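Novice: Here's a sequence, model it:
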Amino acid sequence: MASLDDVTDFVSVRDLSVDAVIGVHAWERDVEQTLLVSVDMVPETTDVRKAAASDDLADALDYSAVAETIAAVLRDGKFRLIETAAERIAWRLLADFPLSWLRLELRKPIASAPEAASATPSPAVPDAASVSAASAPGEAPRGTCAGRHA
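Specialist: Numbers count the residues shown, from 1 in each chain. So this is what the prediction gives:
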C-alpha cells in the first residue's frame, strides 16, 4: 500500500519576476532588466503535514519571505553575471531558511533578440539565458539537480 511517509515534500516558487540591474555591457549597468526565478525547496523537516494540519504559517516554510529574500538579493547585488546572482541567491536561502535542499533557476530573457543565448550547465533554454544551482546546507551551490530525495 502506498504511503506518504516515503515522499519528500517540496515547496516551490515559480517564475518570480524581479527587476534588477544585471549584465556586463555598459548599457546594462544603467537599466533594470526583468529576471525570472524559480526555486524548489525541501524544508529541513521534509514533511509539510504539520503545517497542513495546523493551517498555521508558523509551521510552514514562508514562501513569501523566500520571494522577498530573492528579490532583495537581486536588487541589492547589481550583478554582472547571472551565474553569480544564482549562487548568491542559493547561499542566502540556505543561510536564512531551514532548508535541506534547493534547486534554483534564474533566467534573464533577452529583449533584443527573438531567441536567447543560454548560460547554464544543463540543456539550453530556448527563450532565456538561465543558470541552475542545487545545494544542500554546507555545500556550495552546484549545477542542475532534479529528482526526489527519499
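Novice: Any stretches of the chain with poor pLDDT?
Specialist: 1-7, 46-47, 111-150 (pLDDT under 70).
Novice: 50 instead, please
Specialist: 114-131, 140-150 (pLDDT under 50).
Novice: Now do the helices in it.
Specialist: Applying DSSP state H to the chain gives helices spanning 49-54, 63-77, 82-96.
Novice: Can you tell me which of those helices is most buried?
Specialist: helix 82-96 (a mean of 19; mean count of other CB atoms under 10 Å). Using the backbone N, CA and C atoms, a C-beta is placed for each residue, glycine as well.
Novice: ok and that one relative to helix 63-77, angle-wise?
Specialist: Between the axes of helix 82-96 and helix 63-77, defined by axes from the mean of the first three to the mean of the last three CA atoms, to 10 degrees, the angle is 130 degrees.
Novice: export helix 82-96 as CSV, just CAs?
Specialist: Output of helix 82-96 as CSV, limited to C-alpha atoms (Å, rounded to 0.1, in the frame of the first residue of the first chain):
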residue,chain,number,x,y,z
ILE,A,82,23.6,35.5,-13.8
GLU,A,83,25.9,32.8,-12.5
THR,A,84,27.0,35.0,-9.7
ALA,A,85,23.4,36.1,-8.9
ALA,A,86,22.2,32.4,-8.8
GLU,A,87,25.0,31.4,-6.4
ARG,A,88,24.3,34.4,-4.1
ILE,A,89,20.6,33.6,-4.0
ALA,A,90,21.2,30.0,-3.2
TRP,A,91,23.7,30.8,-0.4
ARG,A,92,21.3,33.3,1.1
LEU,A,93,18.3,31.0,1.0
LEU,A,94,20.3,28.2,2.6
ALA,A,95,21.6,30.6,5.3
ASP,A,96,18.2,32.3,6.1
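Novice: All set now, cheers.
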